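Peer 1: turn this into a model:
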Amino acid sequence: PRRPRHIAGLGFLADDPGPRDADQDDERFRLFTGLTNLLRNAARRTPVLIVVDDLQWADAMSAALLEHLLRVPDLGAACLIATYRDVPTGGRQVTTGALERLPGVTALRLEGLPTPTIAALGSRSNSSLDAEQLWERTRGHPFFAVELIRRARAGGGDTGVPTSVRDLVTERTTHLRDDTTRLLTIGALVGHGFDLQLVARVAGLDSAAALEAAEEAVAARMLLEVSGDPERFQFSHALIADTLATRPSAARVTRLHATIADVLRADGAPGTEVAAHMLRAAPLIGVDPAVGAARDAARNALTAGEPDQAAAVLEHALRVDLSAMPQLRAGLHIELGECLNHASRLAEAVPHFEEAARLADQEGRFDLLSRAALRCWGGNPWVDNADDTAQRLLRLAISRCPPTDEDRRAALQAISAVSPTPAE
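Peer 2: I've put the predicted structure just below:
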């Protein structure tokens with residue numbers, strides 16, 4: 001039979017290439033011997049370093065050659081480094097157990113870089129990215145961290161996913177089953193962590209199929225099990241979730257968020273969670289019900305003593321396209337400012353009262369204008385420049401007060417009189 005191309009090309013390495021009709025085992029033996037002699041002779045002249053990258057993709061011949069080389073006791077000044085990722089490879093995966101048991105082999109498991117190292121990477125690159133936030137998004141993954149830093153330096157900001165990272169995540173999902181890819185995609189739309197049964201219902205999977213899909217994703221190092229809760233999983237890196245969430249079309253994403261909101265509502269989930277998905281589904285279900293759900297959820301969260309959650313859902317509501325609804329935007333800015341006041345985030349509240357007053361004045365809504373001025377005055381007495389802003393808004397409200405509303409004018413004037421002025 002004809003000699004395999006990879007054997008024929010290396011026949012010169014063996015001491016005795018032998019006849020071309022030798023059986024395959026004999027051919028392999030001569031190939032391995034030839035490569036061993038080549039490496040031994042090179043190592044006698046100078047130290048040799050061999051790096052084998054992505055060993056998990058190796059075929060059986062390559063894996064056997066590597067094991068052969070590792071068993072040779074007298075290679076001299078030679079060092080072999082092999083990198084291996086524990087990811088699905090479509091049934092071709094090489095296991096490292098036999099290699100790790102060989103004499104002279106040391107196995108090192110590489111974990112994510114710690115926050116101080118991530119911070120050092122950013123400082124050396126003159127990046128303004130926050131090290132803690134960068135670690136949360138990457139879990140210390142060096143490639144992810146470096147690519148985000150590069151994106152920020154190139155003016156891409158600290159949000160979004162670099163193309164290089166997107167391509168890597170896409171490649172890692174290529175070998176997953178369709179059910180697993182669907183579960184991951186819907187899970188990414190739910191958030192960086194999710195309840196398995198919730199995602200299963202949205203994906204149309206029964207419990208057994210959903211669990212099998214989740215286990216495959218865990219084996220692929222894309223998901224992690226949440227300790228103490230067998231029904232919850234989280235993405236191993238936030239960037240994986242961010243990438244998967246952008247893969248479906250905008251129309252499909254909108255529909256999936258609407259379905260997630262329906263399932264959450266049926267399960268009695270907190271209103272803030274339901275509202276978050278309704279807001280993302282606003283192009284489909286309408287702005288009024290989505291924003292209405294957000295305002296209701298914020299009021300309930302504020303009543304429950306959770307002003308930060310209330311503020312978060314209102315901030316999300318303001319990211320919806322409300323350009324044609326300036327009065328609604330003014331009301332949302334006032335409510336958000338009130339929530340921030342309750343959360344003792346006073347300096348953050350002032351700009352929202354200012355914007356509410358601007359929109360209200362533009363629309364001729366004195367009621368909203370006076371409310372913004374009063375809330376700004378009442379909640380921020382210890383914030384720099386808040387008194388100046390409050391006085392300015394109070395004076396604007398007084399100037400816009402209807403002549404017939406004498407009681408409101410008197411109240412505004414009285415408050416303005418006792419409020420500190422810039423000169424004070």
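Peer 1: show me the contacts for Ile285.
Peer 2: Taking C-beta atoms under 8 Å, 6 or more residues apart in numbering as the criterion, Ile285 is in contact with 258, 278. In this view, the C-beta of every residue, glycine as well, is placed from N, C-alpha and C.
Peer 1: how far away is it from Glu212?
Peer 2: 32 Å (C-beta to C-beta, to the nearest Å).
Peer 1: and stretch 301-319, average pLDDT?
Peer 2: Stretch 301-319 comes out with an average pLDDT of 96.
Peer 1: just the buried positions in whichever strand or helix holds Gly187, please.
Peer 2: Taking DSSP states H and E as the definition, Gly187 sits inside helix 178-190. Residues of helix 178-190 classed as buried by neighbour count (16 or more other C-beta atoms under 10 Å): 179-190.
Peer 1: shaky segments in this structure?
Peer 2: 1-23, 86-98, 125-128, 155-160, 378-387, 418-424 (pLDDT under 70).
Peer 1: nearest residue to the middle of it?
Peer 2: The chain has Ala238 as the residue nearest its centroid, 2.6 Å off, counting by C-alpha atoms, centre = their mean.
Peer 1: grab the nearest non-local neighbour of that residue.
Peer 2: Setting aside the residues directly before and after it, Ala238 is nearest to Arg137 in space (C-beta to C-beta, 6 or more residues apart in numbering), at 4.4 Å.
Peer 1: where exactly do the strands run in the protein?
Peer 2: With DSSP state E as the definition, the chain shows strands at residue ranges 48-52, 78-82, 193-195, 223-225, 232-235.
Peer 1: which one of the ones you listed lies closest to Leu302?
Peer 2: Counting by C-beta to C-beta, Leu302 lies closest to strand 193-195 out of those; the figure is 24.8 Å.
Peer 1: name the residues that touch the closest one?
Peer 2: Residues from elsewhere that reach strand 193-195 (C-beta under 8 Å, 6+ apart): 187, 226, 231-235.
Peer 1: wait, what's in contact with Ala294?
Peer 2: Applying C-beta under 8 Å, 6+ apart as the definition, the contact partners of Ala294 turn out to be 275, 278-279, 313-314, 316-317.
Peer 1: check Gly112 too.
Peer 2: Residues counted as contacts of Gly112 (C-beta under 8 Å, 6+ apart) are 135, 138-141.
Peer 1: quick one: it from Arg221, how far?
Peer 2: Going from Gly112 to Arg221 by C-beta to C-beta gives 11 Å.
Peer 1: go on, Asp367?
Peer 2: From Asp367 across to Arg221, the span is 56 Å (C-beta to C-beta).
Peer 1: so between those two, which is more surrounded?
Peer 2: Relative neighbour count places Arg221 above the other of Asp367 and Arg221, with 15 against 11, counting by other C-beta atoms under 10 Å.
Peer 1: which stretches in the stretch 101-250 of the chain count as helices?
Peer 2: Under the criterion DSSP state H, counting those that start in this stretch, the stretch 101-250 of the chain carries helices at the ranges 115-124, 131-138, 142-153, 163-173, 178-190, 196-203, 207-219, 238-245, 250-266.
Peer 1: list the buried residues of the third one.
Peer 2: For helix 142-153, the neighbour count (16+ other C-beta under 10 Å) marks 144-149, 151-152 as buried.
Peer 1: would JSON lines of the residues you listed with distance to Thr117 be doable?
Peer 2: As requested, those are exported to JSON lines (distance: C-beta to C-beta, whole Å):
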{"residue": "Phe144", "distance to Thr117": "13"}
{"residue": "Ala145", "distance to Thr117": "9"}
{"residue": "Val146", "distance to Thr117": "12"}
{"residue": "Glu147", "distance to Thr117": "16"}
{"residue": "Leu148", "distance to Thr117": "14"}
{"residue": "Ile149", "distance to Thr117": "12"}
{"residue": "Arg151", "distance to Thr117": "19"}
{"residue": "Ala152", "distance to Thr117": "17"}
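Peer 1: pick the one among the contacts of Ala294 closest to Ala357.
Peer 2: Ala357 lies nearest to Leu314 out of the contacts of Ala294, by C-beta to C-beta, at 17.1 Å.
Peer 1: and that closest one, how far is that from Val190?
Peer 2: According to C-beta to C-beta, Leu314 and Val190 sit 21 Å apart.
Peer 1: now swap in Arg299 and tell me
Peer 2: The value you get for Arg299 to Val190, if C-beta to C-beta is used, is 24 Å.
Peer 1: chain center to the longest helix anywhere in the chain: distance?
Peer 2: The helix spanning the most residues in the chain, taking DSSP state H as the definition, is helix 24-45. The offset between the C-alpha centroid of helix 24-45 and the centroid of the whole chain comes to 47 Å, using C-alpha atoms, centre = their mean, to the nearest Å.
Peer 1: elements contacting it?
Peer 2: Identification of packing neighbours for helix 24-45 by 3 or more C-beta pairs under 8 Å, 6 or more residues apart in numbering; DSSP states H and E yields helix 5-8, strand 48-52, helix 60-71, strand 78-82.
Peer 1: can you pull the contacts of Ile118?
Peer 2: When contacts are counted by C-beta under 8 Å, 6+ apart, Ile118 is found next to 131, 134-135, 138, 140, 145.
Peer 1: now do Ala317
Peer 2: Ala317 makes contact with 275, 279, 290-291, 294-295, 332 under the criterion C-beta under 8 Å, 6+ apart.
Peer 1: nearest residue to it other than its sequence neighbours?
Peer 2: In space, not counting the residues next to it along the chain, Ala317 is nearest to Ala294; the distance is 4.1 Å by C-beta to C-beta, 6+ apart.
Peer 1: can you check Leu102 too?
Peer 2: The spatially closest residue to Leu102, leaving aside those adjacent along the chain, is Leu70, at 4.9 Å (C-beta to C-beta, 6+ apart).
Peer 1: burial measure for the one you found, as a count.
Peer 2: In terms of burial, Leu70 registers 16 neighbours under the definition other C-beta under 10 Å.
Peer 1: contacts only, for it.
Peer 2: Contacts here follow C-beta under 8 Å, 6+ apart; on that basis Leu70 touches 80, 99, 102, 104-105.
Peer 1: out of those residues, which are buried?
Peer 2: A residue is treated as buried here by neighbour count (16+ other C-beta under 10 Å); on that basis the buried members of the contacts of Leu70 are 80, 99.
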